[in-house]
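Engineer: What follows is a predicted protein model with its sequence.
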Amino acid sequence: QVQLVESGGGSVQAGGSLRLSCEATGSVFSIPLMEWYRQAPGKERELVASITGPGTINYAPFVRGRFTISRDNAKKTGYLQMSSLELEDTAVYLCHARVRTRGMGVLRDANDYWGRGTQVTVFS
């Protein structure tokens, strides 16, 4: 079984920085896609950034160059470096990954997994 474990959230003053991590544990063979979403109270979940296995990256328009997504394939971990944080960035940040697993010598098709989320609070 695969689990995504996020860390790095917290409270930070506007203009500050945080680095989120998402580690995939279990019978992980490869991670074709890793994404960060966020959900603020009363709002729908929205995509923040995505990165594929080869390293193709996309950002939501609201990122405006403030965030950087990256990954360490050897560590099976993705990162979201957030800078110039604004009050509007306050949300629960969730990691999503499309993961291929291998077990008992069998390589399986990719499935989607979600982390439990980490709270990011930006205060003035």
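Structural biologist: Looks like it arrived, so ask away.

Engineer: The lowest-mean-pLDDT helix or strand in the chain pairs with which strands, and in what direction?
Structural biologist: For the chain, counting by mean pLDDT, DSSP states H and E, strand 106-107 ranks last in confidence among helices and strands (a mean of 89). Paired strands of strand 106-107, with direction, are strand 91-103 (antiparallel) (DSSP bridges).

Engineer: burial of R66, as a residue count?
Structural biologist: By the criterion of other CB atoms under 10 Å, R66 has 15 neighbours. The C-beta positions use only the backbone N, C-alpha and C, and glycine is treated the same way.

Engineer: can you check R71 too?
Structural biologist: 19.

Engineer: in what helix or strand does it lie?
Structural biologist: strand 67-72 (DSSP states H and E).

Engineer: So what are the sheet partners of the following helix or strand past that strand and their directions?
Structural biologist: Next helix or strand after strand 67-72 toward the C-terminus (DSSP H and E): strand 77-82. Strands that pair with strand 77-82, judged by DSSP bridges, come out as strand 18-26 (antiparallel), strand 67-72 (antiparallel).

Engineer: Flag every buried residue along the longest one.
Structural biologist: Across strand 18-26, burial judged by 16 or more other CB atoms under 10 Å covers 18, 20-24.

Engineer: ok, now the last one?
Structural biologist: Neighbour counts over strand 67-72 (16+ other CB under 10 Å) mark 67-69, 71 as buried.

Engineer: Please compute how far that strand lies from its chain's middle.
Structural biologist: Relative to the chain's own centre, strand 67-72 is displaced by 9 Å; criterion: CA atoms, centre = their mean, to the nearest Å.

Engineer: Repeat that for stretch 106-115.
Structural biologist: The answer for stretch 106-115 is 16 Å, by CA atoms, centre = their mean.

Engineer: just the CA coordinates of it, formatted as PDB?
Structural biologist: The C-alpha coordinates for stretch 106-115 follow below in PDB (Å, rounded to 0.1, in the frame of the first residue of the first chain):
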ATOM      1  CA  VAL A 106       4.400  -7.700 -10.400                       C
ATOM      2  CA  LEU A 107       4.400  -4.100 -11.800                       C
ATOM      3  CA  ARG A 108       0.900  -2.600 -11.400                       C
ATOM      4  CA  ASP A 109      -0.800   0.200 -13.200                       C
ATOM      5  CA  ALA A 110      -0.700   3.700 -11.700                       C
ATOM      6  CA  ASN A 111      -3.200   4.700  -9.100                       C
ATOM      7  CA  ASP A 112      -4.000   8.000  -7.500                       C
ATOM      8  CA  TYR A 113      -3.100   8.700  -3.900                       C
ATOM      9  CA  TRP A 114      -3.700  11.700  -1.600                       C
ATOM     10  CA  GLY A 115      -2.000  12.900   1.600                       C
END
